[in-house]
Structures are given as C-alpha cells and as structure tokens.
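>>> have a look at this prediction, sequence included:
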Amino acid sequence: MAYTLDFEKPLADLDRQIQALQKKGERLKPEESKNLDSLKQRLQQTTKEIYEHLTPWQTVQVARHPGRPHSIDYVKLICDDFFELRGDRAYGENASIFGGPAQLGDKTVMFLCQEKGREMKERRDRNAGQPHPEGFRKAHRLMEQAEKFKLPLVCLVDTPGASIALDDEERGQSQAIAANLYLMAQLRVPIIAVVIGEGGSGGALALSIGDRILMLENSYYSVASPESAATILLRDAKHAATMAEAMQVSARQLKKLGIIDELIREPLGGAHQNYEEAAKILKEALLSNLTELQKHTTDELLTQRYQKYRSIGPVGTYTE
C-alpha cells in the first residue's frame, strides 16, 4: 500500500528503497539482501513509532484514507451470510445506509452500515456516505425489525455527517435523525455501534446510541468535522488541525474520556494495510461484546444503557 499522507514521508522513503531492491530479484547481491532485511525492519519499527503517536488531526487523515476498508468490505469479510433489505416504505431507497440480517459467527444479527462508495458513480449513488432522511428512515424500519425478531443490532458508522441539502431538510432530515435516537434509546435488543472511520455529527449519532460504542483506533467521532468547527469558531478551515486537538476527536482520546467503551486495534500502519486482519480483529470484538451483552436481561440492558448516557460528561474525567 502506498504511503500518501504527509506524516508518512519517512515510510514512503523506506518503502521506495525496499521496492528498488526487490525489483532486482535473483540479481540481488548478499550485501543488498542483508540491507533489504534491515530496511524492512526499519520500516516496521518506524511505522509502529509513528502510528502509536498520531496527533488527533493525523488520526482524522487516516480515518479518511481512500484505501481504508469500508462497511461493505467488513460485511463481506466477517459475515457468512447477509441479506440486504432496502427502502424506507415512505419515499424511496438511499444507498448511503445499507443493512439487513446476517450470520456473524454463531449469531444471527441485524447489520446497519454507512457506506461512502469508492468509484465516482458509486460515491454519487451513496452521496459519499452522507445519508438522506430516507436512509435514516430505512434504518429506523430495520431497527424495528431487529426488535421484532429479537436480533442484536450491529451498526458500522462511517460518515462525515448527514446530508445538509435543502431538499433533505424539507423531507424531514432532523426529524428522521431524532426518531432514530429516540428508538435506539429504548430498543429491546443488544446494540453495538462501531466507528470504523469517520463519525461525524448527527449522521453518526443516528446509528450509534447503544449498549457498547467501539472505535477502530485510527477513527474519529465528533459533533462536527474539524474543518466545520474551525470555520464556525475561527472563521477559517485552515485551523482544522488545531480544532481536532481542542475537540479531542480521536478514538484514543475518547476512550480516556469515557465516551466510548472499547478501542479496537488495527493492523500495523492502519486498517488499509491489511483488510483481512482488520476484519478478523473487528469480528472478534463484535462476538466478544455480543456474548457479554446477551448475558443480561432486556430490562438490565435498558437500565445500563440509560445510565451509560447519563454518566457521560462529568468534569475532570480526562487524564493523559
């Protein structure tokens, strides 16, 4: 995988040297072979050092990496079976959110996922992961189906935020998001939400009220994107890095703050470096949390869910 981010320049330099030596193949001299092994070790060690000390803004950059696994990639890799359900039964279909029942290990669950798309046409069809109100209404319908058939709900969150187009507002965007928040707070099945990349604003919150909130270690979760916050508060998006630090948006910071329940590690250098390993780690985390949640009665889950959100925000909880 190419190293394209600014802070990855040392890694890109090492990678170029490695590739130059590897191209020689059988013509590689003994001393060059020894140098190749040394470069590979340096690349691994340097990658570890950089990714263990990412700034909040660097974390945002990794969360947006174009090669990062999307929800659809994880569903394909971790589910033995998945049946997509479409439409909100009121207006139409919105591909920014997809979902349906799936077999996850030995458990049948209801998946709800946000998807940005990759190629130009797919990104247009999925509105780059910014759901329209019919997407949230479809999610609401599938949540009710999960409760009806007693299926645990698993939400994969990856959105810069809900669509803010005028016609979306006219079709009830805010009401659709609010309805999801209200429903998830009282849904009588276990709920796990995982932020796998971007967790932006109400678009993310509409799928992340649950019993367990997990985050991949190189993801972020925030009331607004750093650029939006910088534009609103400092009148210029160029201050995004400063705002990312002030808002404490990274997964590691949010774990220390007690906003999320678990940090899911990623393969060395980020999930985009190894889809299969990232998916395996995510699946293990989901199954482990589902097993724990299913030990509780429904009333216990609802009580704990209520207390979870009531306890967020006390002053002085953050420590370095």
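Okay, I see it.

>>> low pLDDT regions in this structure?
Within the chain, the stretches with pLDDT under 70 are 1, 314-320.

>>> what is the neighbour count of the closest residue to H296 other than its chain neighbours?
Ranked by Cβ to Cβ, 6 or more residues apart in numbering and with sequence neighbours excluded, the top spatial neighbour of H296 is Q304, at 7.1 Å. The C-beta positions use only the backbone N, C-alpha and C, and glycine is treated the same way. Neighbour count of Q304, defined by other Cβ atoms under 10 Å: 12.

>>> please, which helix or strand holds Q304?
helix 298-310 (DSSP states H and E).

>>> the stretch 151-300 of the chain: strands as residue ranges?
153-159, 191-200, 212-216, 220-222, 262-264 (DSSP state E, counting those that start in this stretch).

>>> partners of the longest one, with directions?
Pointing back at strand 191-200 there. Applying DSSP bridges, strand 191-200 is found paired with strand 153-159 (parallel), strand 212-216 (parallel), strand 220-222 (parallel).

>>> turn these into a markdown table, including mean neighbour count and distance to E198.
A markdown table is the format used below for the strands paired with strand 191-200 (neighbours: other Cβ atoms under 10 Å; distance: least, Cβ to Cβ, whole Å):
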| stretch | mean neighbour count | distance to E198 |
| --- | --- | --- |
| strand 153-159 | 27 | 6 |
| strand 212-216 | 25 | 11 |
| strand 220-222 | 26 | 7 |
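
>>> output the strands of the stretch 151-300 of the chain as a markdown table; include the columns distance to G87.
As requested, the strands of the stretch 151-300 of the chain are exported to a markdown table (distance: least, Cβ to Cβ, whole Å):
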| stretch | distance to G87 |
| --- | --- |
| strand 153-159 | 19 |
| strand 191-200 | 22 |
| strand 212-216 | 28 |
| strand 220-222 | 28 |
| strand 262-264 | 31 |
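
>>> closest to G99 out of the ones you listed?
Proximity to G99, assessed across the strands of the stretch 151-300 of the chain by Cβ to Cβ, is greatest for strand 153-159 (8.5 Å).

>>> gap between M110 and Q294?
Distance, M110 to Q294, by Cβ to Cβ, to the nearest Å: 14 Å.

>>> Q61 too?
37 Å.

>>> tell me which of those two has more neighbours.
Neighbours per residue, other Cβ under 10 Å: of Q61 and Q294, the larger number sits with Q61, 20 against 12.

>>> for the more buried one, what are its contacts?
L5, D6, F7 (Cβ atoms under 8 Å, 6 or more residues apart in numbering).

>>> and those, which is closest to D158?
Distances from D158 to the contacts of Q61, taken by Cβ to Cβ, are shortest for L5, at 18.2 Å.

>>> go ahead and confirm that closest one touches P66.
No: assessed by Cβ atoms under 8 Å, L5 is found out of contact with P66, at 10.5 Å.

>>> who has more neighbours, these two?
Neighbour count, other Cβ under 10 Å: between L5 and P66, L5 has more, with 16 against 8.

>>> for that one, which non-adjacent residue is closest in space?
Q61 (5.3 Å).

>>> the one you found: helix or strand, and which one exactly?
helix 56-63.

>>> tilt between that helix and strand 212-216?
Going by axes from the mean of the first three to the mean of the last three Cα atoms, to 10 degrees, helix 56-63 is angled at 90 degrees with respect to strand 212-216.

>>> I'd like to know which elements whatever helix or strand comes next after helix 56-63 is packed against.
Where DSSP H and E defines the elements, the next helix or strand beyond helix 56-63 is helix 71-78. Counting contacts by 3 or more Cβ pairs under 8 Å, 6 or more residues apart in numbering; DSSP states H and E, helix 71-78 packs against strand 97-104, strand 107-114, strand 153-159, helix 275-293.

>>> what about the helices in the stretch 101-250 of the chain?
Here the stretch 101-250 of the chain has its helices, by DSSP state H, counting those that start in this stretch, at 120-125, 133-148, 166-170, 173-186, 201-205, 226-234, 240-247.

>>> was I right to think I232 contacts A224?
Yes: I232 is in contact with A224 according to Cβ under 8 Å; the separation is 7.4 Å.

>>> ok, those two, which is more surrounded?
More neighbours surround A224 than the other of I232 and A224, with 19 against 11 (other Cβ under 10 Å).

>>> how about the more buried one: what's its closest non-neighbour residue?
Closest residue in space to A224, ignoring its immediate chain neighbours: S201 at 5.4 Å, by Cβ to Cβ, 6+ apart.

>>> same question for A95.
Using Cβ to Cβ, 6+ apart, the closest residue to A95 is R126 (4.6 Å).

>>> the one you found: how many residues sit nearby?
23.

>>> who's in contact with it?
R126 neighbours (Cβ under 8 Å, 6+ apart): A95, S96, E115, K116, G117.
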